[in-house]
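Chemist: Just need the structure, nothing else, for what follows:
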Amino acid sequence: MKTLARILTLVYQYATAFVAIGSPLFFIPTTIFSPDVSYYMVVISAIAVALVAYVISATINRTWHPISRFELIAYSVFSISVILSAVFSREPQVVFFGDGINAFVAASLLALPAVMYLVRTLPEGFRDMLKKILVAVLSVSAFLFVLVFILSASLGQVISKVFLAFTSSLSLAAYIGIFVLAILIYVRRSSHHIKFKIPLLTGALVYILLLFTIAYQGDVRPNLSSSFEVASQVLTNNGVFGIGAGDYAYAWQLYRPVSVLQSQFFSVDFNQASGTLTTFLATIGVVGTLAFLFLVLGSLYVTVRLYMRATEKREHMILGLLALTLLYFPLVSVLVPFTYSMLILWMVVAGFGIAKMPLGVNYSSKKVALLFIPIALILVVQGTLTVNKARAFMVYNQAQTELNQKGPTPEARALLNKAISIYAYDGFYRTLVEHSIAAERELVSTATSSQDALREAYLKEAQFAVDMGKAAVTRNPSNYQNYVSLGRAYELAIPFDKEGGYTNAKKSYDEAIKLYPGNPFLYVIAARLEASAGSREGVRLKLTEALQKKQNFADALFLMSQLESSEQKLDEALTYAIGAVQAAPNDPNVYVQAGLLLYAKQDYQNAALALQRGLQLDQNNQNIAYFLALVLRDWSRVDPQNAPLAEQAKIIGNELLNRNPGNADLEAFLKSLEQPATSTPAKKK
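Modeler: Predicted coordinates for the structure are as follows:
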């Protein structure tokens, strides 16, 4: 047993060293996953190995590294807060372990105090060596990041092909900050004349400005005021333990500011707030955020005290850089949402700082074990699940490649089923529903068998789609997308079972709206369902609700215009069409709708302008060209001065006839140009 304990001790020490040294390595080799996901999968497995090896070794030796009262309280309160955020969430299992690969679920956050504890338990000599290596890696990495940024036109492009994370703006911003800290430490400790220090300080100031520029212009995310508004709503409605670790998207869906709905980002479900701390406020709550700050600020305090007492020059410089890094992270984390790698780096540096904290009262093995044995078991489960998720997503990527290249083939379905057999992710089921919808379209378009055989094959595929939609809902009943997917599956049955398909699809969409009442897209989806059932009032009701959520929602305005037009309310229809043009100025369809309505009102000049703009946006659309030709023909007949417009209409008509030889409508149109005729509103071909 002693031999096993020694082996496990080495395993935990070297696994911890791997996490510590690898924590600042945001630039990692290219994989099929994003850099952050690749890093997370490796590091969570390494932390699990290190903690389990330590726990077993400590249990065999019956000796746990003692911790101070401060650490015990901070570790325990933070861990309990994270667990309670999952317990009181809408879907505890999903929030605790995550449905897909989510680095910020409860199990992943529990690894943070484990990293601090593992670093502080390392032998002092080994830990000091790692500290020096970490500082060297930080300095070299920061220098490389800044160098790549400066030489992005040459060196940066070459390196980014191998190291994807060099394209991460947030990683770059973090490293620029660390680079600035290194400059400040060097200037502070350097014996050079002030005239040499001034350029360095000026450069540091420039890089600080660059840091904030990148932080704000990098990834799209909520601003600070919106983040605090969401966090305050979570505190009021969900309590002090937050909405659930790693579930910020749900908090944003429920409590995003009304002003966001009128912006271009109204449909984005943000996974993080303006920064890490504002994200924590909404997800793990006030208690968890305060416990986290208590933990990291305590380590900052200890590191500063050690820095002030250090006498050896190199140690003094190392502690200075670590102290400034620990100060830098809390300040920046308000404005920048950290990746998991940044959080691990934060915990590693904090572990180095807290390692020499005076213990005061030593806590027994039992109290330490009560905290870290459960965390070790949780990390084993999370590590195993993460490996299975990675395997499943690798197969899923193969299925997506098959779908993109060859369409809804049996091979694509087989790969999706294989991915589900490895890990039953609700997103895989939703993809199977879309596969079935595409397969149904292909079945109808290529049908060669009898009607009875077609009906049987169609209904069989529709039932499969419904089963997959139900499986997605069962897997995660709190995800509104699963109900949308189930509703789309039920709609497949409408051609053969209009009442049953409509009723079940409506129930599914209503459930989606209950989960995400502020999403105007869901009301438009429900409106289209009402249209398929022939319910004009149902369409009007749902579109009105969509416009109440977002007044300038182009999809709803466009459909409302079509509805009013179908009831011969041309003025109302035109008002909605103009609103759709203003809301979606790059959508050719809204210009076509406005153009046809203006044509019906015999406003030929504006109708022509609208259709010309639509044709500019969609130059190969022959329908728009035909409508424009009709408008030009009829406009030319209003006033003799407009006669040249008929020639333009003739040119368009001849071009369309060349593309569609023998088309009776086009031939009749060209003949109509030869003699005056009364214009009539266009009907879509």
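Chemist: so where's the longest helix in the chain?
Modeler: helix 365-406 (DSSP state H).
Chemist: Could you list the low-confidence segments of the stretch 351-500 of the chain?
Modeler: 357-365, 447-449 (pLDDT under 70).
Chemist: could you check the angle helix 365-406 makes with the helix or strand following the longest helix of the chain?
Modeler: Downstream of helix 365-406, the first helix or strand assigned by DSSP states H and E is helix 410-422. Going by axes from the mean of the first three to the mean of the last three CA atoms, to 10 degrees, helix 410-422 is angled at 170 degrees with respect to helix 365-406.
Chemist: For Pro330, see how far away Leu297 is.
Modeler: 7 Å (CB to CB, to the nearest Å). No exception for glycine: its C-beta is placed from N, CA and C like everyone else's.
Chemist: Around the closest residue to Ile652 other than its chain neighbours, count how many other residues there are.
Modeler: Closest residue in space to Ile652, ignoring its immediate chain neighbours: Ala629 at 4.2 Å, by CB to CB, 6 or more residues apart in numbering. Counted with other CB atoms under 10 Å, the neighbours of Ala629 add up to 27.
Chemist: State the helix or strand in which Ala629 lies.
Modeler: helix 622-638.
Chemist: Then Val230?
Modeler: Per DSSP H and E: helix 224-238 holds Val230.
Chemist: Show me what that helix is in contact with.
Modeler: Helix 224-238 is touched from outside by 88, 222, 242-243, 251-252, 254-257, 260, 273-275, 278-279, 281-282, 285-286, 334-335, with contacts defined as CB atoms under 8 Å, 6 or more residues apart in numbering.
Chemist: Stretch 113-121: how far from the chain's middle?
Modeler: Centroid displacement of stretch 113-121 relative to its chain, using CA atoms, centre = their mean, to the nearest Å, is 30 Å.
Chemist: cool, and stretch 625-632?
Modeler: Counting by CA atoms, centre = their mean, stretch 625-632 comes out at 43 Å from the chain centroid.
Chemist: pLDDT of that stretch, averaged?
Modeler: Across stretch 625-632, pLDDT averages out at 92.
Chemist: How many neighbouring residues does Lys514 have?
Modeler: Residues near Lys514, counting by other CB under 10 Å: 11.
Chemist: what's the helix or strand containing it packed up against?
Modeler: Element membership for Lys514 (DSSP H and E) is helix 498-515. Where contact means 3 or more CB pairs under 8 Å, 6 or more residues apart in numbering; DSSP states H and E, helix 498-515 is packed against helix 480-491, helix 520-532.
Chemist: Just want the angle from it to helix 480-491.
Modeler: Going by the same axes, to 10 degrees, helix 498-515 makes 170 degrees with helix 480-491.
Chemist: can you pull out the helices in the stretch 51-200 of the chain?
Modeler: Per DSSP state H, counting those that start in this stretch, the stretch 51-200 of the chain carries helices over the ranges 69-87, 92-97, 106-109, 111-121, 124-150, 157-162, 169-189, 194-217.
Chemist: and those, which one's lowest on average pLDDT?
Modeler: Taking the mean pLDDT of these, helix 157-162 comes last: a mean of 49.
Chemist: what does stretch 409-423 rub up against?
Modeler: 385, 388-389, 391-393, 395-396, 398-399, 402-403, 406, 425, 428-429, 431-432, 435.
Chemist: Let me fix that, I meant to ask about stretch 350-359.
Modeler: 20, 66-68, 70-71, 115-120, 122, 124, 127, 130-131, 134, 295-296, 298-300, 302-303, 306, 322-323, 326.
Chemist: tell me the phi and psi of Ser478?
Modeler: phi -100, psi 0 (degrees, to the nearest 10).
Chemist: Among the contacts of helix 224-238, which ones are in helices?
Modeler: Among the contacts of helix 224-238, the members found in helices (DSSP H) are 251-252, 254-255, 260, 278-279, 281-282, 285-286.
Chemist: can you pull the buried residues of stretch 617-626?
Modeler: Across stretch 617-626, burial judged by 16 or more other CB atoms under 10 Å covers 617-618, 622, 624-626.
Chemist: go on, stretch 298-308?
Modeler: If you call a residue buried by 16+ other CB under 10 Å, then stretch 298-308 has these buried ones: 298-307.
Chemist: Would you convert the residues you listed into TSV that also reports distance to Thr16?
Modeler: Output for these, formatted as TSV (distance: CB to CB, whole Å):
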residue	distance to Thr16
Gly298	20
Ser299	16
Leu300	21
Tyr301	23
Val302	19
Thr303	19
Val304	24
Arg305	24
Leu306	20
Tyr307	23
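Chemist: Let's see which of the residues you listed end up in helices.
Modeler: Using DSSP H, these in helices are 298-307.
Chemist: residue contacts, the nearest residue to Ile354 once chain neighbours are set aside?
Modeler: Leaving aside its chain neighbours, Ile354 sits nearest to Ser299 (4.2 Å; criterion: CB to CB, 6+ apart). Ser299 makes contacts with 116, 326, 349-351, 353-354, 357, as judged by CB under 8 Å, 6+ apart.
Chemist: Low-confidence bits of the stretch 501-650 of the chain, can you list those?
Modeler: Using pLDDT under 70, nothing in the stretch 501-650 of the chain is flagged.
Chemist: repeat that for 80
Modeler: Within the stretch 501-650 of the chain, the ranges that satisfy pLDDT under 80 run 639-643.
Chemist: Report the contact partners of the most centrally placed residue in the chain.
Modeler: Computing the C-alpha centroid of the chain and ranking residues by CA atoms, centre = their mean puts Asn271 first, at 5.5 Å. Residues near Asn271 by CB under 8 Å, 6+ apart: 248-249.
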